[in-house]
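Participant: Test case, fold it:
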Amino acid sequence: AHAVIPPRKNAKPWKPTSAGAIARTDAVNAQRYLGRTLWRRWSGYHRRSCVETKMHCLKLMGQSLMARNFDRQVAEIQIRIAVLNRYSALGIPVTEPVG
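Facilitator: Prediction:
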């Protein structure tokens, strides 16, 4: 596993005194070479950000489960996820070719 932490827009390379400094300098160089948007997709940061947003939405539906039985808790979580997926699908545009 490696840390995917986006450096600031005006980040400067650090001296290679530790493994963390080397990783950060690599991220800064890759971000300069690819650009910020492409770096996010290349490094996996965009996917991580999307998952964090979805988990935040899931937590807004309630911090605790109402069911006491484990099988019913699993079903309750699946229902919450189905509701979130339905809401997400409503916001995604449908693109159709014309002509």
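Participant: Run through who's touching stretch 52-62.
Facilitator: Defining contact as C-beta atoms under 8 Å, 6 or more residues apart in numbering, one finds that stretch 52-62 is touched by 80-81, 83-84, 88. For glycine as for every other residue, the C-beta is placed from the backbone atoms N, C-alpha and C.
Participant: swap the cut-off to 7 Å and go again
Facilitator: Stretch 52-62 is contacted by residues 80, 84 when judged by C-beta atoms under 7 Å, 6 or more residues apart in numbering.
Participant: Run through the chain and note the low-pLDDT ranges.
Facilitator: Residue ranges of the chain with pLDDT under 70: 1-3.
Participant: can you rerun that using 80?
Facilitator: For the chain, the stretches flagged by pLDDT under 80 are 1-5, 90-93, 99.
Participant: May I ask you to name the longest helix in it?
Facilitator: Ranked by residue count, the top helix of the chain under DSSP state H comes out as helix 70-91.
Participant: tell me what that helix is packed against?
Facilitator: helix 45-60 (3 or more C-beta pairs under 7 Å, 6 or more residues apart in numbering; DSSP states H and E).
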